[in-house]
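Novice: let me see the structure of the following:
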Amino acid sequence: MRFLVSTIGSRGEAQPVTALAVQLKALGNDVEVVAPPDFEELVTSNGLDFTPVGPMLRTFRSADLKPGDLARLAEESVREQFRVIGAAGQGADVLVAGGALQHSTRSVAESVDAHYVYASFCANTLPSPYHAPPAMLGRVPVNGTPEENIEQWERQRPLFGHARETINAERAKLGLGPVGDVRDHIFGDDPWLATDPLLGPWPGPGELVTTGAWLTNDQRPLSAELEAFLDDGEPPVYFGLGSMHGAQDAAHQAVEAARKLGKRVVLQQGWAGLRLADDARDCIAIGEVNQQALFRRTAAVVHHGGAGTTTTAAAAGKPQIVLPHMYDQYYWGNQVERLGIGRSAEAVTTEVLAETLGLAEEAGKVGAQVRTDGARVAAELLMKV
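Specialist: Next up, the predicted model:
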């Protein structure tokens, strides 16, 4: 079978679609991954075919947008997606859209008579009366009654529809009729949920196809410098903001909080280019890293609250502090608090870090229950659609 797996999101979406593609290929299928150009090495290093779509996300900053830019960028993104995925999708049996704002994948699937699957990496990005929607455009919804939650979902619906005319214009070129509701069109009739059932369960109503989180089996060794640092003392606190363009002050505050508790720090620079304030031996700054291997050797993990990082920290059995910035990250902060394995906070203080370190025993218990076979489960299910 031939599969096309696509995303236009950050690493939190590129990583799981790559994990799925690896499993599909291992089962003997022809697989192509379409993702932003930032993730070419991630995809190709796993022996997969890669097609870039859209601009480099690493250099994109929403804070730089001017009035009217959002609508223009949305239209440009829709046209680019139809062009790239339309070409890559020829001959595909199944097209999988991983994550939000996949404006063209379902239309391309219709045009080539292929099966379409939309997969979410967080339960609260799919409508339910039992949770509020994700944070969008600076608004952070708060869980309420079922009626209040549905009202919040309805208020967000127009945010998906700002490119409807462009979508329908591109669909017309493929000989397809117009769509009315863009959100429902993207999600499809039977969306999948690719989250760990303990960390991010589906609250209902109705049943979804749930597979477990799509995780890679990262075999990359840690650098010699990082290995030496880890061997030279007690397990450190990890701090990283992944694909977020976070404030430098947040890193400095975390380092100071850790030092007051006698803890060392591993600072991942990430897309924010975070830096250490000094060259003291109790801290080390690193670049791209095998988080699975590193997290197992830490005392706690401080991060932005992406689905992948949250799951990787949980699977490592380590307590975590979530510093949410946007979208589903507030949800994941709530989930680690619900399970008693971490805290959600605006900043890392000595008090918050001390509380979190005290959750190590419970984090270890949860870590033993986190599933790691989600990508394989999904690949096997896809071969039966």
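
Novice: next SSE after the longest helix along the chain?
Specialist: With residue count as the measure and DSSP state H as the assignment, the chain has helix 69-88 as its longest helix. Next helix or strand after helix 69-88 toward the C-terminus (DSSP states H and E): strand 94-98.

Novice: can you list the strands that that following strand pairs with?
Specialist: Using DSSP bridges, the strands paired with strand 94-98 are strand 2-6 (parallel), strand 115-120 (parallel).

Novice: what comes into contact with that strand?
Specialist: 1-7, 9, 13, 16-17, 20, 85, 89, 105-106, 108-109, 114-119, 121, 186, 194, 382, 385 (Cβ atoms under 8 Å, 6 or more residues apart in numbering). Bear in mind the C-beta positions are built from the backbone N, C-alpha and C, glycine included.

Novice: swap in stretch 327-339?
Specialist: 121-125, 131, 134-136, 140, 143, 198-200, 304-307, 310, 314, 320, 322, 324, 342-345, 362, 366.

Novice: one step back: may I see the PyMOL selection of the buried members of the contacts of strand 94-98?
Specialist: To isolate the buried members of the contacts of strand 94-98 in PyMOL, using 16 or more other Cβ atoms under 10 Å:
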select buried, resi 2+3+4+5+6+7+9+13+16+17+20+85+89+105+106+108+109+114+116+117+118+119+121+186+194+382
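
Novice: any weak-confidence spans in the stretch 51-200 of the chain?
Specialist: Across the stretch 51-200 of the chain, the ranges flagged by pLDDT under 70 are 60-70.

Novice: swap the cut-off to 90 and go again
Specialist: Where the stretch 51-200 of the chain drops to pLDDT under 90, the residues are 54-77, 100-102, 136-139, 141, 156-163, 189.

Novice: next one: the stretch 201-350 of the chain
Specialist: 206-207, 241-251, 270-275, 277, 279, 325-327.

Novice: mind listing the helices for it?
Specialist: Here the stretch 201-350 of the chain has its helices, by DSSP state H, counting those that start in this stretch, at 224-231, 248-260, 291-295, 307-315, 329-338, 350-357.

Novice: now do the fifth one and helix 350-357, the angle between them.
Specialist: Translated: helix 329-338. For helix 329-338 against helix 350-357, the angle by axes from the mean of the first three to the mean of the last three Cα atoms, to 10 degrees is 60 degrees.

Novice: what residues of helix 329-338 count as buried?
Specialist: Neighbour-count burial for helix 329-338 flags 329-336 (criterion: 16+ other Cβ under 10 Å).

Novice: of the helices of the stretch 201-350 of the chain, give the one that comes closest to Asp218.
Specialist: Comparison of the helices of the stretch 201-350 of the chain against Asp218 by Cβ to Cβ identifies helix 291-295 as nearest, at 4.7 Å.

Novice: helices and strands around the closest one, which ones?
Specialist: helix 307-315 (3 or more Cβ pairs under 8 Å, 6 or more residues apart in numbering; DSSP states H and E).

Novice: can I get the helix it packs on in PDB? Just the C-alpha atoms.
Specialist: Extracted in PDB, the C-alpha atoms of helix 307-315 (Å, rounded to 0.1, in the frame of the first residue of the first chain):
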ATOM      1  CA  ALA A 307       2.200  16.600  23.600                       C
ATOM      2  CA  GLY A 308       5.400  14.800  22.700                       C
ATOM      3  CA  THR A 309       7.600  16.200  25.400                       C
ATOM      4  CA  THR A 310       4.900  15.700  28.000                       C
ATOM      5  CA  THR A 311       4.500  12.000  27.000                       C
ATOM      6  CA  THR A 312       8.200  11.400  26.800                       C
ATOM      7  CA  ALA A 313       8.800  12.900  30.300                       C
ATOM      8  CA  ALA A 314       5.900  10.800  31.700                       C
ATOM      9  CA  ALA A 315       7.200   7.600  30.000                       C
END
